[in-house]
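# test case, fold it:
(2 chains)
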Number of protein chains: 2
Amino acid sequence: MDIVLIGSGNVASHLARVLYAAKHQILQVYSRTIDNAHILAKEVNADSIDELQQIDVQADLYILSIKDDAMAEVVEQMPDVNGLVVHTAGSVSVDVLSRFKNYGVLYPFQTFIKSAELQFDTIPILVEANTTANASLLMRLGNELSKRVLQASSEQRGALHISAVFACNFVNHMYRLGEDVLKESGLPFELLHPLIKETANKVLRMSPSVAQTGPASRNDQQIIQKHLNQLEGQEETQQIYRILTDSIVKHNE
Amino acid sequence: MDIVLIGSGNVASHLARVLYAAKHQILQVYSRTIDNAHILAKEVNADSIDELQQIDVQADLYILSIKDDAMAEVVEQMPDVNGLVVHTAGSVSVDVLSRFKNYGVLYPFQTFIKSAELQFDTIPILVEANTTANASLLMRLGNELSKRVLQASSEQRGALHISAVFACNFVNHMYRLGEDVLKESGLPFELLHPLIKETANKVLRMSPSVAQTGPASRNDQQIIQKHLNQLEGQEETQQIYRILTDSIVKHNE
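Coordinates of the predicted model:
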């Protein structure tokens, strides 16, 4: 397929590379900042553009991989095209693209950092489209890139995104608060590495509801109180410790 | 060294095996239940005892690997010894052993997960002692067992335990809340597996403060509000979403 990529961020970069590797033709990479467009475009042998009016209207597929809040404006300014227009966002309804004739969503469900090497074929891809034919086309494309492709409604995608906020963003924030506590005591974050690995590996084998351990899980009030006392002065961390402990206790009731 | 092990549980068993493998002599294994003492003693070619008065007072090292709340009583009932007496607990001060002439802590920072395939030499060991000479002795011993041995005060050990609550127990609870949200939408938890792996792997390479992504990290209020709306009716999950989002926003300021 002849593809135009609108965006040059993390998701756009990863998608560009796997699509290019799968022998699709990336015609253009658009970014508001031409230098960013250029860096990615060079990698996948495409042209770089920084005006939406420059978009090639003959492409088969247009992938919008941009910030959610920029979506509406970019959609409005894009030229009319016949090809399939998709976005890659978890929490944006497919309807934002309804001014086009053919539209849909291709949502690769993973946390993306530009530099990090990813095994793209293990990443679930969620697909939605305005017609059965477009959905089939996206399913086929998805299956070229990943072993796990499924159709999901905008609402299910929203739920998946929320669950990702918990299992990724909030998890990372827990790591960070743990790092802060260690820093306060002059200890290196690396001490947590074996624990972090084992905690993640465990829920690949069993449900997190079974995997739960720790003072909150045992409702060990003596240790909980000791920890809260030691967190005196780190008010925010202390508050989060208290709320999450309560939540674990409640879940175990 | 000639070593007496007081306790026959998970930590005691792992320690006994690695000390025995490192050519130390395990003289005795004590347990209140003689059968438990016997099982472990047999493995490491030691005598089994179930009376604290039977403890060999000529040993070089006494390792107390027992439940936190049994510690004070066992210490009281032990005979006077000249050798170094240590416990292996994370949240117990070294001072609990101050009736002895030589005392300290040898804390293997485990994942709290029973696993037969525990690679002991990757487990950090935290060491504390009442004198520099005793600390040196424990550091030397620790270095025989693990690649990561460091001196840490009782307070630092407490901080490490708190950080473990965040990086393990609270992380697992985030997985669980994510699972709950997916269940509500009829989606399988397995969709989160790649994300969970990648999120953990990422912080083995970089600080979590650098690894943070997601709507809170971008302070994307539109998505945040959308997620909060979709969580209407799941009050507790909604509250935790709000608090952790605020915390991430604050950390990025």
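
# residues in contact with residue A:215?
A:223, A:224, A:227, A:245, B:165, B:169 (Cβ atoms under 8 Å, 6 or more residues apart in numbering or on different chains). Using the backbone N, CA and C atoms, a C-beta is placed for each residue, glycine as well.

# between those, which is closest to residue A:96?
Proximity of those to residue A:96 (Cβ to Cβ) peaks at residue B:169, which lies at 39.1 Å.

# count of neighbours near that closest one?
By the criterion of other Cβ atoms under 10 Å in any protein chain shown, residue B:169 has 22 neighbours.

# secondary structure class of it, three-state.
When classified by DSSP: H, G, I helix; E, B strand; the rest coil, residue B:169 comes out as helix.

# ranking the contacts of residue A:215 by neighbours, who comes first?
Across those, neighbour numbers were computed from other Cβ under 10 Å; residue B:165 holds the maximum, 25 neighbours.

# hmm, residue A:237 and that one touching each other?
No: applying Cβ atoms under 8 Å, one finds residue B:165 not in contact with residue A:237, separated by 10.7 Å.

# tell me the one of the contacts of residue A:215 nearest residue B:51?
Closest approach between the contacts of residue A:215 and residue B:51, by Cβ to Cβ: residue A:223, at 30.0 Å.

# residues contacting the closest one?
Neighbouring residues of residue A:223 by Cβ under 8 Å, 6+ apart: A:215, B:91, B:161.

# between the contacts of residue A:215, which is nearest residue A:106?
Nearest to residue A:106 among the contacts of residue A:215 is residue B:169, at 36.1 Å by Cβ to Cβ.

# just give me the neighbour total for the residue lying closest to that closest one once chain neighbours are set aside.
What sits nearest to residue B:169 in space, not counting adjacent residues and going by Cβ to Cβ, 6 or more residues apart in numbering or on different chains, is residue A:214, at 3.2 Å. Residue neighbour count, defined by other Cβ under 10 Å, stands at 20 for residue A:214.

# which pLDDT does the model give residue A:214?
At residue A:214, the model reports a pLDDT of 89.

# now do the contacts for it.
Counting by Cβ under 8 Å, 6+ apart, residue A:214 has contacts A:248, B:112, B:164, B:165, B:168, B:169.

# and for residue A:95?
residue A:154.

# any idea how far it lies from chain B?
Computed as Cβ to the nearest Cβ, to the nearest Å, the residue A:95 to chain B distance reads 13 Å.

# that residue in helix, strand or coil?
Put simply, residue A:95 is helix when judged by three-state DSSP.

# just the pLDDT at it, thanks.
Looking at residue A:95, its pLDDT reads 95.

# helices along the stretch 151-253 of chain A, start to end?
Secondary structure of the stretch 151-253 of chain A (DSSP state H, counting those that start in this stretch): helices located at A:154-164, A:171-184, A:193-205, A:208-211, A:215-218, A:221-230, A:235-252.

# out of these, which comes closest to residue A:14?
helix A:154-164 (15.8 Å).

# for that closest one, name the packing helices and strands.
Packing contacts for helix A:154-164, counted by 3 or more Cβ pairs under 8 Å, 6 or more residues apart in numbering or on different chains; DSSP states H and E, involve strand A:102-108, strand A:125-129, helix B:171-184, helix B:221-230.

# identify the residues contacting the third one?
In other words, helix B:171-184. Contacts for helix B:171-184 (Cβ under 8 Å, 6+ apart): A:159-160, A:162-164, A:166-167, A:170-171, A:174-175, A:196, A:199-200, A:202-203, A:207-209, A:211-213, A:216, A:244, A:247-248, A:251, B:188-189, B:191-192, B:196, B:231, B:234, B:237, B:240.

# dump that helix to PDB, restricted to CA.
The C-alpha trace of helix B:171-184 is given here as PDB (Å, rounded to 0.1, in the frame of the first residue of the first chain):
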ATOM      1  CA  VAL B 171       2.300  -2.400  41.200                       C
ATOM      2  CA  ASN B 172       0.400  -5.700  41.400                       C
ATOM      3  CA  HIS B 173      -2.600  -3.800  42.600                       C
ATOM      4  CA  MET B 174      -2.400  -1.500  39.600                       C
ATOM      5  CA  TYR B 175      -2.400  -4.700  37.400                       C
ATOM      6  CA  ARG B 176      -5.500  -5.800  39.300                       C
ATOM      7  CA  LEU B 177      -7.400  -2.600  38.800                       C
ATOM      8  CA  GLY B 178      -6.500  -2.700  35.100                       C
ATOM      9  CA  GLU B 179      -7.800  -6.300  35.000                       C
ATOM     10  CA  ASP B 180     -11.100  -5.100  36.600                       C
ATOM     11  CA  VAL B 181     -11.600  -2.400  33.900                       C
ATOM     12  CA  LEU B 182     -11.000  -4.900  31.100                       C
ATOM     13  CA  LYS B 183     -13.400  -7.300  32.600                       C
ATOM     14  CA  GLU B 184     -16.100  -4.600  32.600                       C
END
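
# residue A:86 in helix, strand or coil?
Here residue A:86 is strand, with the state taken from three-state DSSP.

# any idea what it is bridged to?
Counting by DSSP bridges, residue A:86 forms beta bridges with residue A:63, residue A:104.

# buried residues, the helix or strand where residue A:27 lies. List them.
Per DSSP states H and E: residue A:27 is located in strand A:25-30. Buried residues in strand A:25-30, counted by 16 or more other Cβ atoms under 10 Å in any protein chain shown: A:26, A:27, A:28, A:29, A:30.

# kindly report the same for stretch A:135-153.
Buried positions in stretch A:135-153, judged by neighbour count with 16+ other Cβ under 10 Å: A:135, A:137, A:138, A:139, A:141, A:142, A:145, A:146, A:148, A:149, A:152.

# again with stretch A:45-62
For stretch A:45-62, a neighbour-count test (16+ other Cβ under 10 Å) marks A:46, A:48, A:49, A:52, A:55, A:56, A:59, A:60, A:61, A:62 as buried.

# please identify which pair of these lies farthest apart.
Once Cβ to Cβ is applied, the buried residues of stretch A:45-62 give A:48 and A:60 as the farthest pair, at 19.6 Å.

# just checking: what are the partner strands of whichever strand or helix holds residue A:48?
Element membership for residue A:48 (DSSP H and E) is strand A:47-49. Under the criterion DSSP bridges, strand A:47-49 sits next to strand A:25-30 (parallel) in its sheet.

# render the CA-only coordinates of the next helix or strand after the partner strand in CSV, please.
Later in the chain than strand A:25-30, the nearest helix or strand by DSSP H and E is helix A:34-43. Extracted in CSV, the C-alpha atoms of helix A:34-43 (Å, rounded to 0.1, in the frame of the first residue of the first chain):
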residue,chain,number,x,y,z
ILE,A,34,10.0,19.9,9.1
ASP,A,35,13.2,18.7,10.8
ASN,A,36,11.3,16.0,12.7
ALA,A,37,9.4,14.9,9.6
HIS,A,38,12.8,14.8,7.8
ILE,A,39,14.5,12.5,10.3
LEU,A,40,11.8,9.9,10.1
ALA,A,41,11.2,10.3,6.3
LYS,A,42,14.9,9.6,5.6
GLU,A,43,14.7,6.3,7.6
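
# mean confidence for helix A:34-43?
Here the average pLDDT along helix A:34-43 is 97.

# quick one: buried residues of that helix?
A:36, A:37, A:38, A:40, A:41.

# TSV for the residues you listed, including distance to chain B?
TSV is the format used below for the buried residues of helix A:34-43 (distance: Cβ to the nearest Cβ, whole Å):
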residue	distance to chain B
A:36	17
A:37	21
A:38	24
A:40	19
A:41	24
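
# would you check which pair of those lies furthest apart?
A:36 and A:41 (9.4 Å).

# care to break chain A down by domain?
Domains of chain A are assigned by automatic domain parsing as A:2-152, A:157-252.

# what residue in the stretch 51-200 of chain A comes nearest to chain B?
As assessed by Cβ to the nearest Cβ, chain B sits closest to residue A:169 within the stretch 51-200 of chain A, at 3.2 Å.
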